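Undergrad: can you look at this prediction? I've put the sequence above it.
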Protein chains: 2
Amino acid sequence: MNSLKPLLLSLLLSPLLSQANPKPLNEQLAYQLTESLTTEVGPRLAGSPGDRASVAWATKNLQALGFDKVWTEEFVTPYWQRGQARLEILSPYPQSLVLTALGGSVGTPANGIDASIVMFDSLEALIAAKPEQVKDKIVFINKAMTKDKSGSQYGKVVGARAKGAVEAARLGAKALIIRSVGTSSNRFAHTGKMTYDPAVPKIPAVAISVPDAQQLARVLTKAPEAKIKLQLDTQQTEDAVSHNVIGEITGSERPDEIVLIGAHLDSWDQGTGALDDGAGVGLVMATAALIKQQGQPKRTIRVVLYGNEEGGLVGARAYAAKHAKELDKHVLASESDFGAGRIWQFSTKFGPKSLPFAAEIQRELTPLQIQPGNNDAFGGPDVSVLKALGVPVVSLEQDGSDYFDYHHTPNDTLDKIDPAALQQNLQAWIRMTSKVANSTIDFRK
Amino acid sequence: MNSLKPLLLSLLLSPLLSQANPKPLNEQLAYQLTESLTTEVGPRLAGSPGDRASVAWATKNLQALGFDKVWTEEFVTPYWQRGQARLEILSPYPQSLVLTALGGSVGTPANGIDASIVMFDSLEALIAAKPEQVKDKIVFINKAMTKDKSGSQYGKVVGARAKGAVEAARLGAKALIIRSVGTSSNRFAHTGKMTYDPAVPKIPAVAISVPDAQQLARVLTKAPEAKIKLQLDTQQTEDAVSHNVIGEITGSERPDEIVLIGAHLDSWDQGTGALDDGAGVGLVMATAALIKQQGQPKRTIRVVLYGNEEGGLVGARAYAAKHAKELDKHVLASESDFGAGRIWQFSTKFGPKSLPFAAEIQRELTPLQIQPGNNDAFGGPDVSVLKALGVPVVSLEQDGSDYFDYHHTPNDTLDKIDPAALQQNLQAWIRMTSKVANSTIDFRK
Ligand SMILES: [Zn+2]
Ligand SMILES: [Zn+2]
Ligand SMILES: [Zn+2]
Ligand SMILES: [Zn+2]
């Protein structure tokens, strides 16, 4: 754990600790919270028993950490259940493939769907196809995803997951199979949300792992007439209840001005949601709690643990609706939701007069090996809803080079988090949040 | 594919090709055969339909490769089926763990076994326990395996898999859970054969993945009283039929002297058995076929593709029994069954007078970056049965650093093979086998 030493040293030299303060920061707190959530709750799909357990866990732990106010905000949400999935090549090379349902997919009839397959390189190639190529077949979109630090490749392949079933059904397909939207060659299938169009029949949609996609492509090259059978027994309930969980450190001078730091409490059901988004939950809880230990900030720091991000920002929209009248009091919002890799860049979305203050924050981040980004920050998925309503945001951008190796698979588990990298994240979140919460800047300007 | 160039060059300079020979070797042949077996047959658990398909595949392909004789040898074998497995922590932190049955395990009653857990660091610690610690509980052996090139760590942990159920049952346990015998932090459970003792009750035995073992250990640290439920519906048939598949290149001068090169045709059912042992099958088939292309060897080269290695060398014992009277005509035996990593060392088990010839073989292997080993070669698992009966063996030792990342898991698939490394293997096998088959040395002396 030698790699922790520079961080420890830089923390000891940081402005935070130059204040008189008898109690040393617990640098392990973000990791400890992530460990606790992923072990004691585990998977927490929106609407499930795990989701309810996570709300109870968050409420209890925010209280235990000494937050000044802790409460939950209920919202209604769909509750989708994965059920069992089975995909078999029937002929000429009988074997089973590793698959998982895409989030929101309808199931098949109980005895499954038997069909031949038509393979496309991309969603665009499917859209350009003729109905006679596709009708009564199962469509297989075999588009590979490549790795990068920023996750920019995700957007290039995720369309097949989101819209593939609609486009396939429009041409008469019986079901959709996609190659997993992910960068791992391990035999895990990646789930994630898909959508339907009310004007087009709903067909089942699944992902197969990358090695299975390569195998299916080889089978189809050798035997284009291959027959497969898909069985899927997903279920959907429309009116489950879930909650956003909120904890506040009340500002000492400007309590009505809110610095919102967030993460999402829900996860997909296949793994324990350590990278997505247990690490984010641990980070923002620890950030606010540790800042309070150093003394009350001037502005209020509000930790928002969003429910049902994965199902389509359901909790984020509920939050924005409920707090519509106080959004102008949200001086800043930011979310941690890109795993647990080191933060390598800091970006803002500020008004022009606030850019000198962005440079001031940056000066505190530079010792953590974080470089300046741009003034076009994303902010994070849940926080993007607030950004669209005019709330200034910042992004502490994480190295996501291996994020899509694990994301949305059974392999998203605690052991994939490097505690030293999470500590670097915690340092950065504390410095940025403390700086903003102790300022009087209006970042809209 | 620049890394192939040195191999290609060294092949062109090798004694084999210094003979007049119009037809260039197909350096891809081992990979092509492995690709064909793992794609067209896939998993091939002894006794299963995949096993029968693999016997048909091997027979057809040995014939197509121009072997002089091709035949099968039937044997009776147990046929064990994995069925479904489910392991849930019931309280206090409900969640499912990733598991798989150990090969040969009995199932649970249909509604499962509910119990609390007692955790041990090793098989030795379990053996040293008192019955009152274990009685009516589920035993969890949480011993980690570390990586090395030679696989020497496997022997240190596999005892828990092989004998854990007997030792746990002896102390009154209801079931056995082991941490996977493997080196990967991916969430795959490793299967492999376990055994029972007729004098001790048979209890179900499963492995959980490494991240799940870590999770269960964390749960037990927080909640030693945790309750779990195990459901397993394995099935065992005692009298299935399988086959060894044999192909020969008949010796031109000493046709009755047999150089046996082998691999096992069966695989576990979770993956497609690419590393274990599709690569070995591809290698020994290609070796003999490519040597014949260069001209008939003096001695007979017999390729033996063993059935049911995984269930306990069942095919190997059948071969030794059937060929008991001609074992003295087996001048040498060797097996490829340690994945598809580069060969880094060559070892023999020869009589002392043959050691100068071992050095001659070594001289041909040195240009392939293969170092001299010792005169205590293992030979390979199936071939070890012949070795015990006095047949000289050699080992072309592969780098197995990542073998136990994939071995016996769903992740043992074709994409894990580096074609360049497999070509280096093929070169080595051709050189060693050709040298031996064209010599007159008696390796027993
Ligand atoms: Zn997320
Ligand atoms: Zn996600
Ligand atoms: Zn093997
Ligand atoms: Zn094996």
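TA: Good, I have the coordinates. Ligands and ions are numbered 1, 2, ... in the order given.

Undergrad: mind listing the helices for chain A?
TA: All helices of chain A, identified by DSSP state H, fall at A:4-12, A:15-18, A:29-40, A:49-64, A:123-127, A:131-134, A:154-170, A:210-222, A:279-293, A:314-322, A:355-365, A:383-388, A:403-406, A:419-437.

Undergrad: write out the residues of chain A neighbouring chain B.
TA: Within chain A, the positions adjacent to chain B are A:35, A:39-43, A:49-50, A:53, A:92-95, A:98, A:185-188, A:210-211, A:214-215, A:218-219, A:222, A:271-272, A:410-411, A:413-416 by C-beta under 8 Å from any C-beta of the partner chain. The way it works is simple: take the backbone N, C-alpha and C, and place the C-beta from them, glycine included.

Undergrad: highest mean neighbour count out of the helices of chain A?
TA: Mean neighbours per residue, mean count of other C-beta atoms under 10 Å in any protein chain shown, is largest over these for helix A:279-293, with a mean of 27.

Undergrad: nearest to ligand 1 among the helices of chain A would be which one?
TA: helix A:279-293 (7.3 Å; C-beta to the ion).

Undergrad: okay, the angle between that closest one and helix A:419-437?
TA: Angle of helix A:279-293 versus helix A:419-437, following axes from the mean of the first three to the mean of the last three C-alpha atoms, to 10 degrees, is 50 degrees.

Undergrad: name the residues of stretch A:294-302 that come out as buried.
TA: A:Gln294, A:Gln296, A:Pro297, A:Lys298, A:Arg299, A:Thr300, A:Ile301, A:Arg302 (16 or more other C-beta atoms under 10 Å in any protein chain shown).

Undergrad: what about those, which are in strands?
TA: Members of those lying in strands (criterion: DSSP state E): A:Arg299, A:Thr300, A:Ile301, A:Arg302.

Undergrad: in CSV, list those residues along with pLDDT.
TA: Listed next are these as CSV, based on pLDDT from 0 to 100:
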residue, pLDDT
A:Arg299, 98
A:Thr300, 98
A:Ile301, 98
A:Arg302, 98
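
Undergrad: how about the contacts made by the closest residue to ligand 3 within the stretch 101-250 of chain A?
TA: Closest residue of the stretch 101-250 of chain A to ligand 3, C-beta to the ion: A:Arg187 (18.7 Å). By C-beta atoms under 8 Å, 6 or more residues apart in numbering or on different chains, A:Arg187 lies in contact with A:Val98, A:Ser209, A:Val210, A:Pro211, A:Asp212, B:Phe188, B:Gly271, B:Pro410, B:Asn411, B:Thr413.

Undergrad: contacts only, for A:Leu87.
TA: By C-beta under 8 Å, 6+ apart, the contact list for A:Leu87 reads A:Ser96, A:Leu97, A:Leu99, A:Ile177, A:Val206, A:Ile208, A:Ile228, A:Lys229, A:Leu230, A:Gln231.

Undergrad: residue at max distance from the center of chain A?
TA: Largest separation from the mean C-alpha position in chain A: A:Pro92, at 39.7 Å (C-alpha atoms, centre = their mean).

Undergrad: for it, what are phi and psi?
TA: As for A:Pro92, its main-chain torsions (degrees, to the nearest 10) stand at phi -90, psi 0.

Undergrad: and the pLDDT at the closest residue in space to A:Ala53 that isn't next to it in sequence?
TA: Once flanking residues are discounted, A:Ala53 sits nearest to A:Val41: 4.7 Å by C-beta to C-beta, 6 or more residues apart in numbering or on different chains. We have a pLDDT of 98 for A:Val41.

Undergrad: OK, contacts around whichever residue of the stretch 101-250 of chain A sits closest to ligand 1?
TA: Nearest residue of the stretch 101-250 of chain A to ligand 1 (C-beta to the ion) works out as A:Gly192 at 10.0 Å. With contact taken as C-beta under 8 Å, 6+ apart, A:Gly192 is in contact with A:Leu102, A:Gly103, A:Val158, A:Arg161, A:Val181, A:Ala207, A:Trp268, A:Glu310, A:His408.

Undergrad: contact partners for the third one?
TA: With C-beta under 8 Å, 6+ apart as the criterion, the residues that contact A:Val158 are A:Val181, A:Gly192.

Undergrad: quick one: contacts for the residue lying closest to A:Gln371 once chain neighbours are set aside?
TA: Using C-beta to C-beta, 6+ apart and skipping the chain neighbours, the partner closest in space to A:Gln371 is A:Gln345 (5.3 Å). A:Gln345 sits next to A:Ile370, A:Gln371, A:Pro372, A:Gly373, A:Ser395, A:Glu397 when contact means C-beta under 8 Å, 6+ apart.

Undergrad: equivalent analysis for A:Leu123, please.
TA: Contacts for A:Leu123 (C-beta under 8 Å, 6+ apart) come out as A:Ile141, A:Lys143, A:Gly159, A:Ala160, A:Lys163, A:Gly164, A:Glu167.

Undergrad: output those in TSV, with pLDDT appended to each entry.
TA: Listed next are the contacts of A:Leu123 as TSV, based on pLDDT from 0 to 100:
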residue	pLDDT
A:Ile141	98
A:Lys143	95
A:Gly159	92
A:Ala160	93
A:Lys163	96
A:Gly164	97
A:Glu167	98
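
Undergrad: go through these and name the one nearest chain B.
TA: Ranked by distance to chain B (C-beta to the nearest C-beta), those are led by A:Lys143 at 16.6 Å.

Undergrad: straight-line length of stretch A:332-345, end to end?
TA: 18 Å (C-alpha to C-alpha, to the nearest Å).

Undergrad: now do the buried residues in it.
TA: Within stretch A:332-345, the residues scored as buried using 16+ other C-beta under 10 Å are A:332-345.

Undergrad: do it and ligand 1 meet at all?
TA: Yes - against ligand 1, stretch A:332-345 shows contacts by C-beta under 5 Å from the ion at A:Asp337.

Undergrad: quick one: mean pLDDT for that stretch?
TA: Stretch A:332-345 comes out at a mean pLDDT of 98.

Undergrad: same question for stretch A:358-378.
TA: Computed over stretch A:358-378, the average pLDDT equals 98.

Undergrad: now do stretch A:239-254
TA: According to the model, stretch A:239-254 has a mean pLDDT of 97.

Undergrad: tell me the gap between it and the middle of its chain.
TA: How far stretch A:239-254 lies from its chain's middle: 19 Å, per C-alpha atoms, centre = their mean, to the nearest Å.

Undergrad: what comes up buried for that stretch?
TA: Of the residues in stretch A:239-254, A:Ala240, A:Ser242, A:His243, A:Asn244, A:Val245, A:Ile246, A:Gly247, A:Glu248, A:Ile249, A:Thr250, A:Gly251, A:Arg254 count as buried by neighbour count, 16+ other C-beta under 10 Å.

Undergrad: could you export it as CSV, CA atoms only?
TA: This file holds the C-alpha atoms of stretch A:239-254, laid out as CSV (Å, rounded to 0.1, in the frame of the first residue of the first chain):
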residue,chain,number,x,y,z
ASP,A,239,-46.2,0.4,-10.1
ALA,A,240,-43.5,-0.5,-7.7
VAL,A,241,-42.4,2.1,-5.1
SER,A,242,-38.8,3.3,-4.7
HIS,A,243,-37.0,6.2,-3.0
ASN,A,244,-34.3,8.8,-3.4
VAL,A,245,-32.4,9.0,-0.2
ILE,A,246,-31.1,12.4,0.8
GLY,A,247,-28.7,13.6,3.5
GLU,A,248,-27.7,17.2,4.2
ILE,A,249,-24.9,19.0,6.0
THR,A,250,-26.5,22.3,6.7
GLY,A,251,-24.6,25.4,5.6
SER,A,252,-23.5,27.7,8.5
GLU,A,253,-23.9,30.9,6.5
ARG,A,254,-26.0,30.2,3.5
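
Undergrad: find the closest residue to chain B in the stretch 101-250 of chain A.
TA: Nearest residue of the stretch 101-250 of chain A to chain B: A:Pro211, at 4.3 Å (C-beta to the nearest C-beta).
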